[in-house]
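> let me see the structure of the following:
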Amino acid sequence: MISALARRGPDSEGIESWDKAVLGHRRLAIFDLSEAGRQPMLTKDRSVGVVFNGAIYNYRELRKELSASGYSFESNTDTEVLIHGYCEWGIAKLISRHRGMFAFGLWDNSRNRLYLVRDRLGVKPLVFCQRNGTVAFASTVRALRTAGYAGDVDEAALLDFMKFGFVTDDHAIYRGVVKVPPGTIVEWSRGFLKKETYWQFPITDDSSKLSFDDAVEETERLLLQAVELRLNADVPVGALLSGGIDSSLICWAVAKLGGNITAYTVGTPGDVWDETAAASDTARILGIQHRVLTMDDKVPLEINELVSAYAEPFGCASALGMLALSRAMASSVKVMLTGDGGDDVFLGYPPHRHLWLAQNLARILPSAGKSSWLALRSIFPRVGPLRRAAALFDYTAGGLNALVGYSDDLARYQMQGLLGDRLLSMADSDERSWSANGTHHVLEEYLTYERKHWFLSEYMTKVDGATMYFGLEARSPFLDHCLWQFASSLPFTVRLYHWRLKAILRELARRRISWAVARRRKKGFGIPVRRWIVGRWRSEVETMLRKSVLAEKGWIRSDVALAQLKLAVSRGVAPETLWYIFVLESWLRYEGLSHSA
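Sure thing, here's the model as predicted:
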């Protein structure tokens, strides 16, 4: 298992055992690089041991408290705070005092008890499985499968991937494997297991009277605090800087705090996604060191690296860019500050504004109006601006399920005839019925759905998988739970002030950086994989489909997929379904699952 995790922890490895437990660890050294920081870490009497991935940013403060209570420390690590803090406070109080990202397993030998704990927002992964009265856990499902704990491929997880391009936290790609939910303690003792939720995502407080200006000021205070905590490390720290608002604010905070770090930008010359000029302008305004990492056709972006870095099939195309960036930065830094999470909690995506509008329309539209739209929607033109209007009325009348249905789910595979018999019946049972009852709260419902799917299983997975593959630790101040708790409780009228996406962060950028930064539209970062399938990868894709593992197992129809590829070549771009199939085929072969099951 620790061999399977070698790239996530390139600095050292360790194993400790008791009569009824074995802990193994691969270390990515960030605090106290000496042998004193080696894991598994144990108390002197070996009664408690821990393996830990992540960072407790306020560990120095906790260490002072524990030292005052008589505990002596052998290292200057956040890991040692875990074992002494558990002995002093117990597991619940220990976690309540943490400010950071973490996944850890703590073994209490005197009580024959194991605790598995995942951080509040699910930044760090943690999986486990039970078998014959034992339990095994790891950071990845691949480690569990290497040890022989995981079962066969779970077809429900396959459907997850084909719908979203990733496996959600509701499933794992192998049967028998369970993902520890965010904000959860799993306790296992003598063959019995229980889960306890210690933190939940806050909901919007519509009764709050906080003004927009006060919200901006408090956001600034909490952001500076979150950045300052994340600058602590015994290794070089760098920051990502795109042309966008979130990373610009992180770099502004670093500069204001006097941090002497370099900001890095991914340059894609000649591409519509290139943000080099905007990022360079921001760096000049802030007066920070800036380095552009150019990515062009000479930079290797290969499918084998994608399936190697991610333990489950992962079809987020920008992960290829994140891998290339991590590879380039790994020679200069070991900690990377990112702007992840700003759009999610401060509402920066277009559906946030659309659903806020739909929610307000639903509250003034009588039930008869909703019923009338359901009767007329099939004949309403869906071209040009009318298409957006139709979608808005769908959300107003149908609630969250209307939006989920709008993304087609598995319908595109069914329409193209791509699904094999083993998945076809499961896909048919996945239909969602519309309900107008929830339209008055559709944005809040969508945020819950979004956090559970894209935020947790795509965004968090993408960054963790790519950075850890190259021995980097990614830290995002916007994922600080104190900042998140404050922002996510703000009324939508404040977060979408004057109908502006991410209004609070835009105003903060206007005040502290420039109007130009505040007005910038979100570009995102894309990799043209759908063009590459009919170009640089075409031969590889065609060869795979002619001897398809997916088809062999009855999951897809390779003849239809080959016909789709031929059509795509004539059009110069492949549908997303072919990209997902290519990733899944590649992943199955990498895992050695090319025999019949």
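> centroid residue for the chain?
With distances taken as CA atoms, centre = their mean, the residue of the chain nearest its centroid is residue 460 (1.4 Å).
> residues making contact with the strand or helix carrying that one?
Using DSSP states H and E, residue 460 falls within helix 460-469. If you take CB atoms under 8 Å, 6 or more residues apart in numbering as the criterion, helix 460-469 is touched by 7-8, 28, 121-125, 166, 308-311, 314, 316, 318-319, 322-323, 325-326, 336, 338, 340, 473-474, 476. Where C-beta positions appear, they are placed from N, C-alpha and C, glycine not excepted.
> redo that, cut-off 6 Å
7-8, 122-123, 309-310, 316, 319, 322-323, 326, 340, 474 (CB atoms under 6 Å, 6 or more residues apart in numbering).
> got it, and stretch 231-246?
30-31, 33, 247, 250-251, 259, 261-265, 275, 278-279, 333-339, 342, 505, 509, 520, 522.
> those in strands, which ones?
262-265, 335-337 (DSSP state E).
> biggest separation within those, which pair?
265 and 335 (17.3 Å; CB to CB).
> what are the buried residues along stretch 207-224?
Under the neighbour-count criterion of 16 or more other CB atoms under 10 Å, stretch 207-224 has 212, 215-216, 218-220, 222-224 buried.
> with stretch 476-488 instead?
In stretch 476-488, counting by 16+ other CB under 10 Å, buried: 476-481, 483-484, 486-488.
> in CSV: the residues you listed, plus secondary structure and pLDDT.
Shown next, in CSV, are the buried residues of stretch 476-488 (DSSP: H, G, I helix; E, B strand; the rest coil; pLDDT from 0 to 100):
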residue, secondary structure, pLDDT
476, coil, 97
477, helix, 98
478, helix, 98
479, helix, 98
480, coil, 98
481, helix, 97
483, helix, 98
484, helix, 96
486, helix, 97
487, helix, 97
488, helix, 95
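> just these now: which is nearest residue 444?
Of the buried residues of stretch 476-488, the one sitting nearest to residue 444 (CB to CB) turns out to be residue 488, at 10.2 Å.
> that closest one: what's it in contact with?
202, 345.
> how much space between it and residue 447?
8 Å (CB to CB, to the nearest Å).
> equivalent analysis for residue 427, please.
Distance from residue 427 to residue 447, by CB to CB: 27 Å.
> residue 253 now?
From residue 253 to residue 447 the distance is 25 Å (CB to CB).
> who has more neighbours, the two?
Neighbour count, other CB atoms under 10 Å: between residue 253 and residue 447, residue 253 has more, with 25 against 22.
> okay, buried residues for the host helix or strand of that one please.
Using DSSP H and E, residue 253 sits in helix 245-256. For helix 245-256, burial by neighbour count (16+ other CB under 10 Å) applies to 245-255.
> same question for stretch 443-460.
For stretch 443-460, by 16+ other CB under 10 Å, it's 443-447, 450-460.
> what subset of the contacts of stretch 231-246 is buried?
Buried, going by 16+ other CB under 10 Å: 30-31, 33, 247, 250-251, 259, 261-265, 275, 278-279, 333-339, 342, 505, 509, 520, out of the contacts of stretch 231-246.
> and the helices in the stretch 451-597 of the chain, which stretches?
460-469, 481-488, 492-495, 503-512, 515-519, 529-533, 538-546, 549-552, 558-571, 576-590 (DSSP state H, counting those that start in this stretch).
> what comes into contact with the third one?
Spelled out, it's helix 492-495. With CB under 6 Å, 6+ apart, helix 492-495 has contacts from 212, 215, 346-347, 356.
> now, these that are in helices?
Among the contacts of helix 492-495, DSSP state H puts 212, 215, 346, 356 in helices.
> and the closest residue to residue 556 other than its chain neighbours, how many residues sit next to it?
Distances taken as CB to CB, 6 or more residues apart in numbering place residue 550 nearest to residue 556, at 4.4 Å, with adjacent residues excluded. When neighbours are defined as other CB under 10 Å, residue 550 has 23 of them.
> no further queries at this time; thank you.
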